[in-house]
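> Sequence plus the predicted model coming up.
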Amino acid sequence: MSQTLSPDPVSDSVATPFAARARALTRVHGRGEAAVHALRGVDLELPRGRFTAIMGPSGSGKSTLMHCLAGLDQATSGNVEITGTDLSGLDDDALTRFRREQIGFVFQSFNLLPMLTAEQNILLPFDLAGRRLTKADRTRLSEIVEVLGIADRLRHLPSELSGGQQQRVAIARALVTSPALLFADEPTGNLDSEASAEVLDFLRRSVREFSQTVVMVTHELDAAAYADDVVVLHDGRVTTQLRRPSAEQLAAAVRGGAR
Ligand SMILES: Nc1ncnc2c1ncn2[C@@H]1O[C@H](COP(=O)(O)OP(=O)(O)OP(=O)(O)O)[C@@H](O)[C@H]1O
């Protein structure tokens with residue numbers, strides 16, 4: 001496919017070079033003897049327009065970190081800034097609105113609504129926001145579905161699509177509103193290797209071709225190899241940050257454990 005997506009302006013790109021920033025982030029689940037320290041003081045800066053993978057063993061805090069960064073979970077202490085906005089300063093309604101406008105999500109289980117067509121699923125964020133589609137939105141939609149190779153599947157229900165196609169619909173839904181950040185939680189966990197490669201390749205293209213910022217949680221070394229940066233967690237702490245690591249560096253960092 002030769003088509004490229006046109007860049008969207010990022011509103012305050014001059015003001016903050018980081019799409020997301022966490023400072024001294026802690027998250028404790030439960031209390032007293034049952035308390036689980038899922039994050040133990042995470043400092044992290046995620047630059048705009050890059051593809052970052054978050055890796056680490058099971059239970060190391062990857063999902064908790066992603067949920068705190070995305071405003072789906074509240075940190076016990078510390079703070080998260082997304083495009084310069086401190087999430088702790090927002091009340092519930094403002095946080096919901098902020099998430100809807102600034103953040104896209106892709107989940108392992110696709111999370112498409114089964115009774116809606118692919119196109120209706122992709123346009124759901126506009127319905128939820130009570131927003132009518134502009135001409136520019138329509139143009140962006142056509143570009144995205146063309147690049148994702150699902151233009152001829154828009155009238156189909158999710159049950160009529162393969163797993164890879166369903167995940168591409170989910171990615172289109174996450175991208176259609178031009179979010180400042182796209183979070184992907186094990187996006188290839190339910191896909192075979194061919195469909196995984198397609199999905200990862202598209203996530204990478206969305207970063208290269210229209211400056212999307214993507215943060216992906218994965219435990220697969222092959223998936224992390226598509227990222228520009230890799231953040232490795234062990235026991236609730238960032239133990240390593242790597243820029244375009246080799247497969248060997250990556251494997252060693254994930255095996256490595258806390259230092
Ligand atoms: N709601 C919760 N209540 C209690 N403990 C929790 C809760 N959510 C997560 N935890 C604990 O926090 C720690 C970090 O969990 P988290 O799901 O963030 O890790 P993860 O690296 O994403 O793991 P996995 O790769 O298995 O999904 C784990 O010990 C987990 O059991």
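Looks like it came in fine. Residues are numbered from 1 along each chain as shown.
> where does the stretch 51-200 of the chain dip in pLDDT?
Scanning the stretch 51-200 of the chain for pLDDT under 70 picks out nothing.
> and the stretch 151-259 of the chain, which of its residues are near the ligand?
H219 (CB under 6 Å from any ligand atom). Backbone N, C-alpha and C define where each C-beta goes, glycine included.
> Show me where the stretch 1-150 of the chain has its strands.
18-29, 36-47, 51-55, 77-82, 85-86, 103-107 (DSSP state E, counting those that start in this stretch).
> deepest of the ones you listed, which one?
Counting by mean count of other CB atoms under 10 Å, strand 51-55 has the highest mean neighbour count of those, with a mean of 25.
> Is the ligand within reach of it?
No. Contact of strand 51-55 with the ligand (CB under 6 Å from any ligand atom) is absent, the minimum separation being 8.5 Å.
> What pairs with that strand, parallel or antiparallel?
Within its sheet, strand 51-55 is paired with strand 214-217 (parallel), strand 229-234 (parallel), according to DSSP bridges.
> Need these in CSV (columns: mean neighbour count and mean pLDDT).
Converted to CSV, those look like this (neighbours: other CB atoms under 10 Å; pLDDT from 0 to 100):
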stretch, mean neighbour count, mean pLDDT
strand 214-217, 26, 96
strand 229-234, 24, 95
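> Format the ones you listed as TSV; extra columns: distance to A22.
Below are the strands paired with strand 51-55 laid out as TSV (distance: least, CB to CB, whole Å):
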stretch	distance to A22
strand 214-217	11
strand 229-234	10
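> Out of those strands, the one nearest F126 is which?
With CB to CB, the closest approach to F126 among the strands paired with strand 51-55 belongs to strand 214-217: 21.4 Å.
> residues in contact with the closest one?
With contact meaning CB atoms under 8 Å, 6 or more residues apart in numbering, strand 214-217 is reached by 20, 46, 50-54, 62-63, 65-66, 69, 181-187, 203, 206-207, 223-224, 227.
> three-state assignment of the residue in the stretch 101-250 of the chain positioned nearest to the ligand?
For the stretch 101-250 of the chain and the ligand, the shortest gap (CB to the nearest ligand atom) falls at H219, measuring 5.6 Å. Following DSSP: H, G, I helix; E, B strand; the rest coil, we place H219 in the coil state.
> what's the spacing between it and R173?
Going from H219 to R173 by CB to CB, to the nearest Å gives 24 Å.
> Show me which of those two is the more surrounded one.
Neighbours were counted for H219 and for R173 using other CB atoms under 10 Å; R173 has more, 24 against 17.
> Pretty sure the more buried one sits in a strand.
No. Counting by three-state DSSP, R173 is not part of a strand but helix.
> which one in this structure is furthest away from the centre?
In terms of distance from the mean C-alpha position of the chain, E33 ranks first, at 33.2 Å (CA atoms, centre = their mean).
> List the contacts of that one.
Contacts for E33 (CB under 8 Å, 6+ apart) come out as none.
> what sits against the closest residue to A20 other than its chain neighbours?
Distances taken as CB to CB, 6 or more residues apart in numbering place L46 nearest to A20, at 4.4 Å, with adjacent residues excluded. Applying CB under 8 Å, 6+ apart, we find L46 in contact with 18-21, 52, 69, 181, 213, 215, 229.
> buried set for stretch 184-203?
184-191, 195-200, 202-203 (16 or more other CB atoms under 10 Å).
> contacting residues around L221?
Shown in contact with L221 (CB under 8 Å, 6+ apart): 55, 247, 250-251, 254.
> Which pair in the residues you listed has the greatest spatial separation?
M55 and A247 (12.6 Å).
> before we move on, the earlier item: who wins for proximity to Q241 among the strands paired with strand 51-55?
Per CB to CB, nearest to Q241 of the strands paired with strand 51-55: strand 229-234, 5.4 Å.
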